[in-house]
Every structure is written in structure tokens, then in C-alpha cells.
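> what shape does this take:
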Amino acid sequence: MAKLGRQRAVLEIITQQAVSTQGELASELRKRGFHVTQATVSRDIKELGLVKVPAGGGGYRYALAGGQQLGEVYARMERLFRDSVINLDYSENLILIRTLPGTAHAVASCIDSIRWPEIIGTVAGDDTILAIIKPKKMVSAVMEKFRRLMR
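Sure, this is the predicted structure:
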């Protein structure tokens, strides 16, 4: 649970400010109450798939891979959920997302890009997505996030 919260905080930090070093990121995490080492921050960066991108002035900053900022991906995912998702259901650690025909791949791509730590992956067909959640106890929280996206 601490790892999920910490990684969520990492994503918030890098979208709210330019962070160029692991030391800066560790410092920001400590300000938010996380006790981290440089090794922990390094693992989080790798697991979240963060990359360094030009930040202007010759410097670099951490960002999500693919050049999209988290806010842009989240806004796209909100639109897609409102316009395309028909129904949500779950069993154990699996969430089934029903979409309009032909839209499942776009929705699944956004889910994968947002990199919520509790979603370990998605599989998309034409109108159905299977999202795999870990740990199982996070299913209700993810379901609530998805429901909010549909409003």
C-alpha cells in the first residue's frame, strides 16, 4: 500500500513541477511524508517508466514516457470513458470494461498510459477490456475511479 501511495505521489510531483534529479524527487517525497532512499526512488522511476525530457534552458525533467503529460492522458481518458464506456463489472482482481464497438483499444491505451500502480495491465478486444488489478483489495478503489470518469 505504501508503494502505491508513493508512486502516485511521484506522478503528482512530476506533473506539478520540474524535477530533474532523483535527489530532488526524494526531497519532494520526504516533504509529503514518505521515507525514501535514492534506491527506492530509482526503482519507482523505472517501474513507472519515467524518462527525462528537455525542460528548457538546457535542463531536463522527469516525465511519463511517450511525451504525454499525465494531465493530458487523464483528460483524454475522461473523454473516452464518458463517450465510449457502457458498463463496468468485476470478479476477484479483474475489472471488465464494456465499450462501444471499436473503442476498447483507445480506452485501454489510456488506462495503460496513466500508469496507476494498482493496474498491472489491460487486454483489449473490440468492445471489451480486461484490467488486471493488484492487489485484489484495490479493485473497489479502481472501480470507483472508473465510475468517476464516466460522470
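> can we go C-alpha only for contacts and neighbour counts from here?
OK.
> against I129, how distant is the spatially most central residue of the chain?
In the chain, the C-alpha nearest the mean C-alpha coordinate belongs to R115, at 2.5 Å (C-alpha atoms, centre = their mean). Using C-alpha to C-alpha, to the nearest Å, one gets 16 Å for the distance from R115 to I129.
> and the end-to-end length of stretch 43-52?
Its start and end residues considered, stretch 43-52 measures 15 Å (C-alpha to C-alpha).
> identify the residues contacting that stretch?
The set of residues that contact stretch 43-52 without belonging to it, under C-alpha atoms under 8 Å, 6 or more residues apart in numbering, is 7, 20, 60-65, 115, 117.
> pLDDT (mean, whole number) over it?
Along stretch 43-52, the predicted local confidence has a mean pLDDT of 83.
> buried residues, it. List them.
44-45, 48, 50, 52 (16 or more other C-alpha atoms under 10 Å).
> likewise for stretch 103-115?
Judged by neighbour count using 16+ other C-alpha under 10 Å, the buried positions of stretch 103-115 are 103-108, 110-115.
> residue contacts, the nearest residue to K136 once chain neighbours are set aside?
When the adjacent residues along the chain are set aside, K136 lies closest to N93, with 4.6 Å between them (C-alpha to C-alpha, 6 or more residues apart in numbering). Counting by C-alpha under 8 Å, 6+ apart, N93 makes contact with 132-137, 139.
> what's across from L88 in the sheet?
Applying DSSP bridges to L88 yields these beta-bridge partners: I97.
> okay, now it: neighbour count?
16 (other C-alpha atoms under 10 Å).
> just the pLDDT for it.
pLDDT, L88: 98.
> and it, how far from A2?
27 Å.
> helix, strand, or coil at I86?
I86 carries the three-state label strand when classified by DSSP: H, G, I helix; E, B strand; the rest coil.
> spit out the contact partners of it.
Applying C-alpha under 8 Å, 6+ apart, one finds that I86 lies in contact with 97-100.
> just the ones of the buried residues of stretch 43-52 in helices?
When helices are assigned by DSSP state H, the members of the buried residues of stretch 43-52 inside them are 44-45, 48.
> what's the domain layout of this structure?
2-64, 70-150 (automatic domain parsing).
> between those domains, which has the poorest average model confidence?
Going by mean pLDDT, the lowest-scoring of the domains of the chain is domain 2-64, which has a mean of 87.
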